[in-house]
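Undergrad: Everything below, folded, please.
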Amino acid sequence: MSPTETIGLKDSRNIQIKNRKQSVLDYSKAVSLFLWLLFVANFGLLIFTSTDNLNYSIGELFRTSGFTYLIWTVVTFFSAIITTYATNYTKGFKYRNRFVTLSLAFMFAVMCFVASNHIMLLISSWLLMGFFMAQLIGVDKRWKEAKHAAAYAQKFFLLGTLALAVGVLMPAISIDNYTINGIITSWDRLPNHIILLSSLFVIVAAMIQSAIYPFHRWLLSAMTSPTPASALMHAGFVNGSGILLTLFAILIYVSNTFDILFIIGGLTAILAQFTKLLQVNAKQKLACSTIAQMGFMIMQCGLGFFNAAIVHLILHGFYKAYLFLSVGEGVKQNIPQQNLNIKIKPLQAIVVLGFGALGAYLFMTLTGKGSSLDSSIFLTLIVAITVGQITYNIVKEKSLSLLQKAVWPPVLFVAGIVVYALMYNGVTTVIKDTPMAVVPIPVTVLEMTFGIVFLIGFFIMKLGIYRQAPWLYVKLLNVSQPFKKSVLTFSKSK
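TA: The predicted structure is shown next:
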């Protein structure tokens, strides 16, 4: 072969490679554009359904409502954002098209799940959600740790699908009706043991999906997924339990299993916050944070405020998607420092308590929660703690002047609570047709006792007392470890 022919062959190969890369880029951009258009369409449906009744059904397969359009809008927005980000992030990635296709398929699985009326379609959609997410976790076929993490997560997703299948098939077979609408309107025909067992299985499915203890390790092991996939997972997939529990809110009500949700959610929130403090890896910190937030979301369902859980789902999606997509900018090497003991002066304590009380009052005024002796008191208490914590961080900041320390706390908590109240009232209006979406329950001795335990655990965490108990430190460190084969254990990946 002559030199001229050799050069011509190389040029031809370079052109082929360039064309192949361009086609991959065009595909990713086309999907991104499609998702943005779909988001606009869903947002339009959401706006119209707030002023007009756009509830439809297609035979026994599908049904739509304000809740459906709300979740469709949220999931398409996050998918559009993440896919647009991934267009640049995955340049040169061998499995780029596969990643984009799996993300698109996952989004449609979620949309199908929310709109499902026939329980077989509901179960199939839940199964596909887990399947596509497992494939995203292990999208890099050359990485052995990713393959093991995907297989490990898939086992949990299959277990969750099995739990959901048992939970919905039991009442369906009992009344010989295989639609969600039919089951929801026929609970009075079911024996109590069927109602209780069905509720427990649905709760287990929700716990697995949201990585609630003791089903949390799959999420800690899923850090092998590309950053956009992690963002999609933490902003959308793990929130699926909030959607599931809201769809079956009436089941939780008639089975009176609120206390179970409240306790497992509260325990998870505290444990995950503890373990977050022990992590040195940025993505592991975010994973523990997600588990804690899912605990709070389950806790809200246990208080009877499924609408608040949906608001939490949306806000957590924005927050966690942003953190994952920007985590690379925040990763840097730091010199280990001695943990600072929390000390607060009497005047600072008065300011913290005062602003916490004012925040709780504003929350009660704008949302109506906490104004009566029911489960909403706990949500108001959490708001007071959150405002107090923000105030404490500001008053202890040495770089701020006295005037800034006096101004910033009320500005931040007023803005935050007003935005939350607007979203809370808006979501409540949109999902008004969802049965039992808002069911404040009377405060029980069990809830009050656990509330005290929750507060004690919170202050043990904030004061760093757990560091003085080596056995507790080691236990928390062990419980927050991922599946051993999902970390760097192989000398060479093929």
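Undergrad: care to break the protein down by domain?
TA: 20-324+479-484, 346-443 (automatic domain parsing).
Undergrad: How far away from the center of its chain is the shortest one?
TA: The one in question is domain 346-443. In terms of C-alpha atoms, centre = their mean, to the nearest Å, the centre of domain 346-443 is set 21 Å apart from its chain centre.
Undergrad: same thing with the first one?
TA: Relative to its parent chain, domain 20-324+479-484 has a centroid offset of 7 Å by C-alpha atoms, centre = their mean.
Undergrad: if we can go back for a sec, between the domains of the chain, which has the poorest average model confidence?
TA: Across the domains of the chain, domain 346-443 has the smallest mean pLDDT, namely a mean of 78.
Undergrad: sorry, back to before: so which of the domains of the chain is the most packed in?
TA: By mean neighbour count, with neighbours taken as mean count of other C-beta atoms under 10 Å, domain 20-324+479-484 ranks first of the domains of the chain at a mean of 20. (Glycine included, C-beta is placed from N, CA and C.)
Undergrad: circling back: same list (the domains of the chain) but as JSON lines, adding distance to residue 473.
TA: Below are those laid out as JSON lines (distance: least, C-beta to C-beta, whole Å):
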{"stretch": "domain 20-324+479-484", "distance to residue 473": "7"}
{"stretch": "domain 346-443", "distance to residue 473": "22"}
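Undergrad: Which among those domains is found nearest to residue 453?
TA: Nearest of these to residue 453, taken as C-beta to C-beta: domain 20-324+479-484 at 8.0 Å.
Undergrad: so what's the residue nearest the centre of the chain closest to, chain neighbours aside?
TA: The centroid of the chain falls nearest to residue 239 when counting by C-alpha atoms, centre = their mean (3.4 Å). Spatial nearest neighbour of residue 239, excluding adjacent residues (C-beta to C-beta, 6 or more residues apart in numbering): residue 313 at 4.4 Å.
Undergrad: Correct me if wrong: the one you found contacts residue 243.
TA: Yes - with contact taken as C-beta atoms under 8 Å, residue 313 and residue 243 are classed as touching, separated by 7.4 Å.
Undergrad: can you give me the strands in this structure?
TA: Assigned by DSSP state E, the chain shows strands spanning 56-58, 62-64.
Undergrad: Packing partners of the last one?
TA: Spelled out, it's strand 62-64. With contacts defined as 3 or more C-beta pairs under 8 Å, 6 or more residues apart in numbering; DSSP states H and E, strand 62-64 has these neighbours: strand 56-58, helix 96-115.
Undergrad: give me that answer again for 7 Å
TA: helix 96-115 (3 or more C-beta pairs under 7 Å, 6 or more residues apart in numbering; DSSP states H and E).
Undergrad: quick one: which of the domains of the chain is nearest residue 469?
TA: That would be domain 20-324+479-484 among those, by C-beta to C-beta, at 11.4 Å.
Undergrad: Could I get the contacting residues of the residue lying closest to residue 158 once chain neighbours are set aside?
TA: Spatial nearest neighbour of residue 158, chain neighbours left out: residue 130 (7.1 Å); criterion: C-beta to C-beta, 6+ apart. Applying C-beta atoms under 7 Å, 6 or more residues apart in numbering to residue 130 gives the contacts 154, 157, 160, 161.
Undergrad: for residue 222, same thing?
TA: Contacts of residue 222 by C-beta under 7 Å, 6+ apart are 137, 149, 153, 233.
Undergrad: Tell me the spacing between residue 245 and residue 302.
TA: According to C-beta to C-beta, to the nearest Å, residue 245 stands 9 Å off from residue 302.
Undergrad: Ok, residue 270 next?
TA: Applying C-beta to C-beta to residue 270 and residue 302 gives a distance of 14 Å.
Undergrad: for the stretch 1-150 of the chain, what spans make up the helices?
TA: Residue ranges of the helices in the stretch 1-150 of the chain, as given by DSSP state H, counting those that start in this stretch, are 3-51, 66-89, 96-115, 119-137, 144-175.
Undergrad: Of those helices, which is nearest residue 184?
TA: Nearest of those to residue 184, taken as C-beta to C-beta: helix 144-175 at 9.6 Å.
Undergrad: For the closest residue to residue 232 other than its chain neighbours, which residues are in contact?
TA: Distances taken as C-beta to C-beta, 6+ apart put residue 82 closest to residue 232, at 5.1 Å, once the chain neighbours are dropped. By C-beta under 7 Å, 6+ apart, the contact set of residue 82 is 103, 228, 231, 232, 321.
Undergrad: ok, now residue 275?
TA: Here residue 275 is in contact with 288, 476, 479, 480 (C-beta under 7 Å, 6+ apart).
Undergrad: what about it, distance to residue 485?
TA: Counting by C-beta to C-beta - residue 275 and residue 485 are separated by 20 Å.
Undergrad: And residue 254, by the same measure?
TA: Taken as C-beta to C-beta, the span from residue 254 to residue 485 is 42 Å.
Undergrad: One more: residue 94?
TA: 22 Å.
Undergrad: and if you look at residue 33?
TA: 39 Å.
Undergrad: repeat for residue 406
TA: According to C-beta to C-beta, residue 406 and residue 485 sit 53 Å apart.
Undergrad: Same question for residue 67.
TA: 39 Å.
Undergrad: residues contacting residue 147?
TA: Contacts of residue 147 (C-beta under 7 Å, 6+ apart): residue 138.
Undergrad: Residue 201 too?
TA: Going by C-beta under 7 Å, 6+ apart, the list of residues near residue 201 reads 163, 166, 167.
Undergrad: TSV for these, including distance to residue 197?
TA: Shown next, in TSV, are these (distance: C-beta to C-beta, whole Å):
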residue	distance to residue 197
163	11
166	8
167	8
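Undergrad: sorry, back to before: nearest to residue 450, of the contacts of residue 130?
TA: Nearest to residue 450 among these, counting by C-beta to C-beta, is residue 160 at 25.4 Å.
Undergrad: residues in contact with the closest residue to residue 382 other than its chain neighbours?
TA: Nearest-residue entry for residue 382: residue 296, 7.6 Å, with adjacent residues in sequence omitted and distances by C-beta to C-beta, 6+ apart. Contacts of residue 296 were listed using C-beta under 7 Å, 6+ apart, and they are 265, 269, 312.
Undergrad: And for residue 233?
TA: 133, 222, 225.
Undergrad: gap between it and residue 422?
TA: Applying C-beta to C-beta to residue 233 and residue 422 gives a distance of 28 Å.
Undergrad: Nearest residue to residue 157 in space, please, no chain neighbours.
TA: Leaving aside its sequence neighbours, residue 157 sits nearest to residue 130 (C-beta to C-beta, 6+ apart; 2.8 Å).
Undergrad: Correction: the previous question concerned residue 431.
TA: residue 67 (4.3 Å).
Undergrad: what's that neighbour in contact with, if anything?
TA: Per C-beta under 7 Å, 6+ apart, neighbours of residue 67: 430, 431, 434.
Undergrad: for the residues you listed, which one is nearest residue 113?
TA: residue 434 (14.9 Å).
Undergrad: For residue 432, see how far away the closest residue to that closest one other than its chain neighbours is.
TA: Leaving aside its chain neighbours, residue 434 sits nearest to residue 67 (4.9 Å; criterion: C-beta to C-beta, 6+ apart). Separation of residue 67 from residue 432 (C-beta to C-beta) stands at 9 Å.
Undergrad: before we move on, what about residue 40?
TA: Taken as C-beta to C-beta, the span from residue 40 to residue 432 is 24 Å.
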